[in-house]
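[1] Need a 3D model of the sequence below.
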Amino acid sequence: MNCTEIKVISWDEYCSKKDDHNMLLDLDTVPHLLRGDFALRNKNLAIGKTLCPRCNGTGNELFSHYRRCQDCHGSGIERE
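    This is a model prediction of the structure:
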């Protein structure tokens, strides 16, 4: 998937979606403490990686609690 094919959405749009979260986030709209997590998520999506279903590609198990996801070991990429 080419990053030009991926829609960019705001944090509010991301939070209100219940189905497809395979969209880049406008990092300027993401709460400051979560931007690093979602920057990793955006990077993984932009290079066509499949996001870890447990952490949704953020690499963090509990978002701002800074504990690496147990499934992907903090990479944000689904294990094969």
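
[2] Assign Leu45 to helix, strand or coil.
    helix (DSSP: H, G, I helix; E, B strand; the rest coil).

[3] in this protein, which ranges drop under the pLDDT threshold?
    Applying pLDDT under 70 to the chain picks out residues 1-5, 18-20, 63-65.

[4] What segments of it are strands?
    Counting by DSSP state E, the chain has these strands, from start to end: 8-9, 24-25.

[5] Burial-wise, tell me which of the ones you listed comes out on top.
    Among those, strand 24-25 has the highest mean neighbour count (mean count of other C-beta atoms under 10 Å), at a mean of 19. To be clear about C-beta, it is placed using only N, CA and C from the backbone, and glycine gets the same treatment.

[6] Outside of that one itself, list whatever touches it.
    By C-beta atoms under 8 Å, 6 or more residues apart in numbering, the list of residues contacting strand 24-25 from outside reads 3, 6-11, 14, 38, 41-42, 45-46.

[7] From the centroid of this structure, which residue is nearest?
    Nearest residue to the geometric centre of the chain (C-alpha atoms, centre = their mean): Arg41, 3.1 Å.

[8] so that one touches Leu51, yeah?
    Yes. Using C-beta atoms under 8 Å, Arg41 is in contact with Leu51, at 6.7 Å.
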